[in-house]
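> structure for this input, please:
(chains A and B, ligands or ions: 1)
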Amino acid sequence: MASGPSTYTPSNGLMRWLDARLPIVRFANDNLLTFPTPKNLNYSYTFGAILLYCLVIQIVTGIVLAMHFVPNAALAFNSVEYIMRDVNYGWLLRYIHMNGASFFFIAVYVHILRGLYYGSYKDPREVLWILGVIIFLLMMATGFLGYTLPWSQMSLWGANVITNLLGALLGTDFTQWLWGGFSVDNPTLQRFFSLHYLLPFVILGVSVLHIWALHHVGNSNPTGIDPKGPQDTVPLMPYYTAKYFFVITVFTIFFAFVVFYAPNLFGHVDHYVEGNPLKTPAHIAPEWYLGAFYAMLRAMDFNFLFIDSKLLGVLTMLGAIGILFIVPWLDTSKVRSANYRPVYWWCFWIFVADYAMLSWAGLQPAGVILLQTGVGADGAPTGFSITHLSQIGTAYYFAFFIIIMPLLGLFETPRALPESIAQAVLGKKRGGGAAAPAGAAAAPESRV
Amino acid sequence: MRKIIIAAALTLGTVLPFGAAQASTAGAEPPHVDFSFDGLFGTFDRNQLKRGFQVYKEVCSSCHSLKLLAYRNLKDPGGPEFTEDEAKALAAEAQIPTLDDAGEPTTRKGTLADHFAYQTTPQEHATLKGAYGSIPPDLSLMAKGREHGPVYIHALISVGYEHEAPEGVTIPAGGNYNSIFPGGVIAMPKPLSDGQVAYAEKEIPQTVDQYAKDVSAFLMWVAEPKLEARHRLGFGVILFLGIMGVLFFLSYRRVWRNVDH
Ligand code: HEM
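Just a heads-up that it's a prediction; the model follows:
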């Protein structure tokens, strides 16, 4: 599956025998050791390895937590507290798992934005990208399901909000089927636990396909031009593995800092109040990593034609995720990397700020007035609210994909591309910047 | 220019989502209190936890349970660290509801395994609700279940009761004005007054403010009993990772030393 011919020669008779029957050593050799990787990958390209690391952490801590957790509406909250208090290092396991989800999403956001910046989704990496979007969707589902397990106020009411949203789309019968009853209750918790245990392994499976697709077509790189030969690449081992050890350690330092010194940084205080179906919390907030989608949902406070605002919100939210699937065909630019696309560069960074703003807006109580301009008939302040801000944010989010991506490719004049990766690297060494003049000597790099 | 924009976009991305103030029908901002457990190296003050426990036992426990706390926890490292005998003696003071051989309700002496829970019967619930208009909540996780945690609890039971209700606010029967409590009207009557609890340590002021600080610190320990172990382990882990990070960085540089990239 690794791109390029296999470099493996079995060292003795036994290995030749095995290789003819199950070429597993050849597979490991070609994919983990000699896999040719562009030599100009920067740190943003290490987040794929970080994501695998996060998945392993979640699975390992999750399996141990599941040995102590009780998926029962009357006992779940206390069983999590029992883990925190009476299980040896249970507090550590739980804080790692809880914050691990947040760090998983930090990593996946960097990874996705890296893809949007360098045009990693373009031919021939469309399937690779789509598999990534599926993983992102599965992660959101897994994170949401996990958040319901401690059966806190936020768990219970978050579960209510999300399942009712699906009901707006698919009807009450569907919601009741999902709940296993007439409200979010014990049957809901039990099935959510079952699914929360299952989905990470589905993610693992899709990740294998994702990496298969990657190793079939090879990595993209910051120049966006394909490697032209061995002078442009290095073998994965030891070059990138050495880099991964370093970045994963740095990532873990940030992670450990939160786990040990601010374990509830990403959380909400109502997550420490046991769920009570009779008491709606003053403010139901999603987890931060779902904030942007929640903001887009709430931004739709108006009816459109025959679609009422609630359904419109759900459709907008689903559309925001769904549109990611067709990004490879929305972008018409021949040039992959934003380094050579002066206008796209701006649009991309505005998109990053826009997404951050939406994530923030989604966590705010609905209807908060940001800029007061007057007073309504009921005496409440009126003016520019969180909802208005979210509407602007939502508009840019969709415009970025539907308008900017297709049109820029047609009208933007890209900067000159270097001849090869090796040449771009040399240009940088001479202080010429990424876009070295096209005439610069493309000295082949043969030391690798 | 590019660098500035990238930095700005990233800062917006990281700071905005968390710096957001949680605006709601919140009560007044509680005045800040410095606690010994704040900060990266913070630890609990054993004597303060013991005093806080005394306040809880003599005042709050008549209304509030601590279901997640067992008497055995009183001797755990990182807590008030009573001796085993002291903890046993404290447990033995408690009357735990149980059934006798004939199946009739009776009580027995508490043991280390018992929790600070009151198996309130539905009748007792009704009485409490009738008396205070609201059932006093369990306090085990209160210090983590409210914005500002222990700082909020301190303010709620001290300065919260210091102000008269502002003009125009009517206090329903059984309610009390509290400037810190969201909504302003709380069912809990002012629980503390100066000199109410006799501390053995004479140099500690016996004031509402001090009682409130001590009981809030105690409730923080009840909510997060592994805080000290966490702070300590974190230091070692991060130090270790830091050293490993430097070594990995050097090996990374060494591996790449002959490659232009
Ligand atoms: C994609 C990987 C995973 C993600 C993103 C994830 C996310 C989460 C989240 C956000 C929570 C709530 C934590 C809290 O607020 O306390 C949670 C809880 C939980 N998860 Fe996972 N999880 C993952 C994998 C797993 C796996 C593989 C298992 C079991 C084999 C598992 C078992 C549990 C259990 C038992 C809980 C409840 C205990 C607790 O709340 O800490 N998780 N998960």
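> what number of residues lie near the residue of the stretch 301-448 of chain A found nearest chain B?
Among all residues of the stretch 301-448 of chain A, residue A:356 sits closest to chain B, at 3.6 Å; criterion: CB to the nearest CB. Where you see a C-beta, it was placed from the backbone N, CA and C, and this is true even at glycine. Residues within reach of residue A:356, counting by other CB atoms under 10 Å in any protein chain shown, total 23.
> any idea how far it lies from residue A:86?
As judged by CB to CB, to the nearest Å, residue A:356 and residue A:86 stand 40 Å apart.
> how far is the lengthiest helix in chain A from where the chain is centred?
Secondary structure of chain A per DSSP state H: the longest helix is helix A:186-217. Put simply, helix A:186-217 sits 14 Å off its chain's centre (CA atoms, centre = their mean, to the nearest Å).
> run through the helices of the stretch 51-200 of chain B in chain order.
B:84-93, B:122-132, B:149-157 (DSSP state H, counting those that start in this stretch).
> quick one: the strands in the stretch 1-150 of chain B, in order.
Along the stretch 1-150 of chain B, counting by DSSP state E, counting those that start in this stretch, strands occupy B:66-70, B:95-99, B:105-109, B:115-116.
> ditto for the stretch 301-448 of chain A
Assigned by DSSP E, counting those that start in this stretch, the strands in the stretch 301-448 of chain A fall at A:369-375, A:381-385.
> quick one: contacts for the residue in the stretch 51-200 of chain A that chain B sits nearest to?
Residue of the stretch 51-200 of chain A nearest chain B, by CB to the nearest CB: residue A:91 (4.4 Å). Contacts for residue A:91 (CB atoms under 8 Å, 6 or more residues apart in numbering or on different chains) come out as A:83, A:84, A:85, B:226, B:229, B:230.
> looking at the stretch 101-250 of chain B, which residue is nearest chain A?
For the stretch 101-250 of chain B, CB to the nearest CB, closest residue to chain A: residue B:234, 2.6 Å.
> could you pull out the buried residues of stretch B:146-156?
Across stretch B:146-156, burial judged by 16 or more other CB atoms under 10 Å in any protein chain shown covers B:146, B:147, B:148, B:149, B:150, B:151, B:152, B:153, B:154, B:155, B:156.
> was I right about the second one contacting residue A:269?
Yes - under the criterion of CB atoms under 8 Å, residue B:147 lies in contact with residue A:269, with a separation of 5.6 Å.
> show the contacting residues for residue B:216.
Counting by CB under 8 Å, 6+ apart, residue B:216 has contacts B:33, B:35, B:52, B:143, B:150, B:151, B:153, B:154.
> name the element the residue lying closest to the fifth one once chain neighbours are set aside belongs to?
Residue nearest to residue B:150 in three dimensions, not counting chain neighbours: residue B:216, with 4.0 Å by CB to CB, 6 or more residues apart in numbering or on different chains. Following DSSP states H and E, one finds residue B:216 within helix B:208-223.
> now the angle from that helix to strand B:66-70?
Per axes from the mean of the first three to the mean of the last three CA atoms, to 10 degrees, the angle that helix B:208-223 makes with strand B:66-70 is 70 degrees.
> what residues sit buried inside helix B:208-223?
For helix B:208-223, using 16+ other CB under 10 Å, the buried residues are B:208, B:210-223.
> what's the weakest-modelled helix or strand in the chain?
As the question left the chain open, I've gone with chain A. Lowest on mean pLDDT, DSSP states H and E among the helices and strands of chain A sits helix A:421-429, with a mean of 81.
> ok now that one, how far from the chain's centre?
With CA atoms, centre = their mean, you get 31 Å for helix A:421-429.
> okay, now the nearest residue to residue A:181 once chain neighbours are set aside: neighbour count?
Nearest residue to residue A:181, sequence neighbours excluded (CB to CB, 6+ apart): residue A:187, at 5.4 Å. Burial of residue A:187 is recorded as 14 neighbouring residues (other CB under 10 Å).
> ok, and the closest non-adjacent residue to residue B:111?
residue B:91 (5.5 Å).
> quick one: contacts for the one you found?
B:71, B:109, B:110, B:111, B:112, B:114.
> got the residues of the stretch 151-300 of chain A near chain B?
With CB under 8 Å from any CB of the partner chain as the criterion, the stretch 151-300 of chain A meets chain B at residues A:234, A:238-239, A:242-243, A:245-246, A:249-250, A:252-253, A:256-257, A:259-261, A:263-266, A:269-270, A:272-273, A:282-283, A:288, A:291.
> verify the stated contact: residue A:227 with residue A:41.
No - counting by CB under 8 Å, residue A:227 does not reach residue A:41; the two are 11.1 Å apart.
> quick check: neighbours shared by those two?
With CB under 8 Å, 6+ apart, residue A:227 and residue A:41 have common neighbours residue A:221.
> tell me the pLDDT at residue A:444?
If you check residue A:444, the pLDDT there is 38.
> what do you get for residue B:24?
Residue B:24 is assigned 38 on the pLDDT scale.
> what does residue A:88 give?
Predicted confidence (pLDDT) for residue A:88: 97.
> pretty sure it sits in a helix.
No - going by DSSP: H, G, I helix; E, B strand; the rest coil, the assignment for residue A:88 is coil, not a helix.
> number of nearby residues for it?
Residue A:88 has 7 nearby residues by other CB under 10 Å.
> can you give me phi and psi for it?
Per-residue torsions, residue A:88: phi -60, psi 120 (degrees, to the nearest 10).
> how much space separates the residue nearest to residue B:111 from residue A:106?
The value you get for residue B:91 to residue A:106, if CB to CB is used, is 46 Å.
> contacting residues around the closest residue to the ligand within the stretch 1-150 of chain B?
Residue of the stretch 1-150 of chain B nearest the ligand, by CB to the nearest ligand atom: residue B:144 (12.1 Å). Going by CB under 8 Å, 6+ apart, residue B:144 touches A:264, A:269, A:272, B:223, B:224.
> next: residue A:406.
By CB under 8 Å, 6+ apart, residue A:406 lies in contact with A:330, A:331, A:332.
> tell me, how many residues neighbour the nearest residue to the last one once chain neighbours are set aside?
Put plainly, it is residue A:332. Of all residues not flanking residue A:332 in the chain, residue A:409 sits nearest, at 3.0 Å (CB to CB, 6+ apart). By other CB under 10 Å, the residues close to residue A:409 number 17.
> isn't residue A:294 right up against residue A:365?
No - with contact defined as CB under 8 Å, residue A:294 does not count as touching residue A:365 (11.9 Å).
> the two: which is more packed in?
A direct count of neighbours by other CB under 10 Å for residue A:294 and residue A:365 places residue A:294 higher, at 26 against 15.
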